[in-house]
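Participant: compute the structure for the input listed below.
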Amino acid sequence: MRSYLWLLCLMAGCGPVTAQITDSYLGDSDTDTDTDTDTDTDTDTDTDTDTDTDTDTDTDTDTDTDTDTDTDTDTDTDPLPLKWSGTRYFDFPELDCEDEVNGNGVEILKEDDKEEAWSGCSDCDHLFYVTMEREALCEGKVPLSVEVYRGLRFDGSRTFLYWIYQTRGGGWDRYELDSRADWNGTDLGYEYEGGSRDYGEYFVFGDAEIK
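Facilitator: As a prediction, this is how the structure comes out:
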């Protein structure tokens, strides 16, 4: 068969046979229609949102509550004066009279307006200014000093009671009424005696609360 074709070609005047293999045979028309549309879209949208919100709100409210309320209670106040409240009981034998009188007073401090009385009993522990409730005894027969000064002195176990008086020269002096008065810190008991041309000898017993 192949010899027949070859003979036929020679008779027809065919030129040399060349096999033409065109590019179209492969179906590639050399119109490079490369449709590779690179649609590789970078969708890596970095959504890594930094939510590290530094909420360190330093509310250091360390309030110094050391309110130094140390109140100085050392008021250095002067001592309050003691008060005298007492009664004297009188006995006048020659007048056949017994009577009594109450007296109230206050302690004289060394800075009081009556401090000059201290010059009459400088070694006394207490001085008192005492006012009597009346100025006479025994139905007016015996006059009585309304204002008197009394001094107390402590000497070991003994308590001395003095009458403090002002002399005619204007100075101050004392007269011992009882050298063994009874004293327990608040209650005073004492006794003394005297005499006068007008009403004779008399005896006195007294007590006083001092606080």
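
Participant: can you give me the strands for this structure?
Facilitator: Secondary structure of the chain (DSSP state E): strands located at 83-92, 97-107, 126-132, 136-137, 142-143, 147-155, 158-166, 172-178, 182-183, 187-196, 200-210.

Participant: is Val130 in contact with Leu152, as I believe?
Facilitator: No - Val130 lies out of contact with Leu152 (Cβ atoms under 8 Å); the separation is 11.9 Å. Backbone N, C-alpha and C define where each C-beta goes, glycine included.

Participant: what lies in contact with stretch 164-177?
Facilitator: Stretch 164-177 is contacted from outside by 116-121, 124, 127, 149-151, 160-163, 190, 192, using Cβ atoms under 8 Å, 6 or more residues apart in numbering.

Participant: now, of the residues you listed, which are buried?
Facilitator: Among those, those classed as buried by 16 or more other Cβ atoms under 10 Å are 117-118, 120-121, 124, 127, 149-151, 160-163, 190, 192.

Participant: just the closest of those to Thr87, please.
Facilitator: Tyr190 (11.5 Å; Cβ to Cβ).

Participant: and the closest one, how far from Ala208?
Facilitator: According to Cβ to Cβ, to the nearest Å, Tyr190 stands 8 Å off from Ala208.

Participant: any idea how far apart the tips of stretch 87-100 sit?
Facilitator: End-to-end span of stretch 87-100 (Cα to Cα, to the nearest Å): 7 Å.
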